[in-house]
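A.B. asks: Build me a structure from this.
(one chain, ligands or ions: 1)
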Amino acid sequence: MPSFSVRTRLTLWYASVLTLIICVFSTGIFLFVRARLSHDLDTQLGRDLATVDRIYREEPRELTDLDSHWGIMLFQIFAKDTVVYQTDGWERAGLARAVAGDRGAMPRSWKAADGRSFRLQTASGPSYEVAVAIDEAPLSRTLRTLAVILIMGIPCAIGLAIAGGYVLAGRVLSPIGAMADQARKITADSLGERLPVKNPADEFGRLATVFNETLARLDDSFARLRRFTADASHELRTPLTAMRSVGEVALQRSLDRAAYRDVIGSMLEEVDRLTRLVETLLTLTRAESGRVHLARNVVDLGGLATAVADSLRVLAEEKAQTLSVDAEAEIKAMGDANVLRQGLSNLVDNAIKYTPEKGAITVRVAKMSLAEAAIEVRDTGRGIPSAHRDRIFDRFYRVDTARARDSGGLGLGLAISRWAIEAHGGRIELESEEGKGSVFRIVLPRT
Ligand code: ADP
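C.D. replies: Okay, the predicted model is just below:
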């Protein structure tokens, strides 16, 4: 089967349906007009019969004038099988034969030997019978004319329907063409462009809007990917540059054994940083591509918070900070304890890192609602300016790049935390007041 364009298919469908409708409608008109005209002819026949009957009974001498006065040309009166009166036309048309013998149901049509067709009606008086006929030729002519008009009109109407349908289908489908032209021009470098939307409420408008939303998401993903590539290269280059300059300086001078050890030590520090960076990136990439298998166990969130705080307490003590845990008992969630621990410990680690000495860090575990539990990590640090709040969960995003890097941060901690919590059907909320501290709240479905 040949594959037609949508425009041609629409036109053909439209024309076929319209042809069917026109044919049914025309047949209906023809049948209705024929029934109506036949009915009128029979009514006329009945009237003529009554007239002939009355004249015969009241003034038989005037029968000869019926033609000129009433236009009744074909009738016959007979009594006891003898013709009392008949018109010339009756005789000429041979209608005598039509009423002779079996007459069948009346009124009825009768065809003469010469092909002419008549409509016949008879009536019986007390001692006579009257038969009247009307030539059906005018009725046949009218019906033939109507049939010719309809038969000639149908192809014209279909032709117009095809032409009109083709033009209309072209107009209706034109937004698709415009969309295709525009879509063809969009490449990875021009993802900012959008498809034209003439009327957002109609089907094509909705399609274009959906495409545009997809393009916007792709654009966003591409931008993030580009930013990530640039940031990752930058992050990888920094330790490499440091290693190179430390090595070059060491090569230029002749150093003693201890100094060489120092050089190697600081180079290993950078290697360490590089290793951590690459490993964390790998974890994140595997996590985000859905390749990490999560265990599904019941995890006691209070116990989890205490374990995380205990493992990081030494860092807080180094800065003379207080790190306290305030956990309601029996708050549980389903999930992978290791992944949840990673997500929470990044938040506590940040709270310690970005809170000055002698600050206070509190981890609170509480019910939020019947269905949700919260783990809040509150610090008295410098807070996060509102302009950065939406972006700090992005990979490599830091509020204060230099300071964060000095403190050993890779800029990936919050990205990992967010993945860890979202993979458990939860979310991380952030409240922060600049200069007064921050609250990171993990919200998880309870069991
Ligand atoms: P980093 O390794 O730099 O800590 P993160 O992804 O963990 O990376 O954090 C991103 C940035 O968010 C940090 O560089 C820091 O500027 C900011 N940040 C995170 N937690 C806190 C906090 N508790 N207080 C202030 N700033 C924070």
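
A.B. asks: What parts of the stretch 101-250 of the chain come near the ligand?
C.D. replies: Counting by Cβ under 6 Å from any ligand atom, no position of the stretch 101-250 of the chain is adjacent to the ligand. In short, each C-beta sits where N, CA and C put it, glycine included.

A.B. asks: low pLDDT regions in the stretch 101-250 of the chain?
C.D. replies: With pLDDT under 70 as the threshold, the stretch 101-250 of the chain has low-confidence stretches at 101-104.

A.B. asks: how about the strands of it, start to end?
C.D. replies: 108-111, 117-124, 129-135 (DSSP state E, counting those that start in this stretch).

A.B. asks: Could you export those strands as TSV, including distance to R227?
C.D. replies: TSV is the format used below for the strands of the stretch 101-250 of the chain (distance: least, Cβ to Cβ, whole Å):
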stretch	distance to R227
strand 108-111	93
strand 117-124	93
strand 129-135	96
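
A.B. asks: Which of those strands sits closest to R378?
C.D. replies: R378 lies closest to strand 108-111 among those, at 105.4 Å (Cβ to Cβ).

A.B. asks: Pairing partners for the closest one, with directions?
C.D. replies: According to DSSP bridges, strand 108-111 forms sheet pairs with strand 117-124 (antiparallel).

A.B. asks: Just the helices from the stretch 201-350 of the chain, written as ranges.
C.D. replies: Here the stretch 201-350 of the chain has its helices, by DSSP state H, counting those that start in this stretch, at 203-252, 257-288, 301-318, 337-353.

A.B. asks: give me the number of residues near E279?
C.D. replies: 11 (other Cβ atoms under 10 Å).

A.B. asks: after the longest helix along the chain, next one along is what?
C.D. replies: Taking DSSP state H as the criterion, the chain has its longest helix at helix 6-58. Sequence order places helix 66-70 as the next helix or strand after helix 6-58, per DSSP states H and E.

A.B. asks: By proximity to the ligand, which residue of the stretch 201-350 of the chain wins?
C.D. replies: Here the stretch 201-350 of the chain gets closest to the ligand at one residue, N350, 3.4 Å apart by Cβ to the nearest ligand atom.

A.B. asks: For that residue, which non-adjacent residue is spatially closest?
C.D. replies: G413 (6.0 Å; Cβ to Cβ, 6 or more residues apart in numbering).

A.B. asks: Around the one you found, how many other residues sit close by?
C.D. replies: 21.

A.B. asks: what angle do the helix or strand harbouring I77 and helix 6-58 make?
C.D. replies: According to DSSP H and E, I77 maps onto strand 75-79. Interaxial angle of strand 75-79 relative to helix 6-58 (axes from the mean of the first three to the mean of the last three Cα atoms, to 10 degrees): 40 degrees.

A.B. asks: What lies in contact with strand 75-79?
C.D. replies: 48-49, 52, 56, 63, 66, 83-87, 90, 95-96, 99, 127-133 (Cβ atoms under 8 Å, 6 or more residues apart in numbering).

A.B. asks: got it, and stretch 359-371?
C.D. replies: 301-302, 305, 308-309, 316, 319, 321-328, 331, 344, 348, 351-352, 355, 373-381, 437, 443, 445-446.
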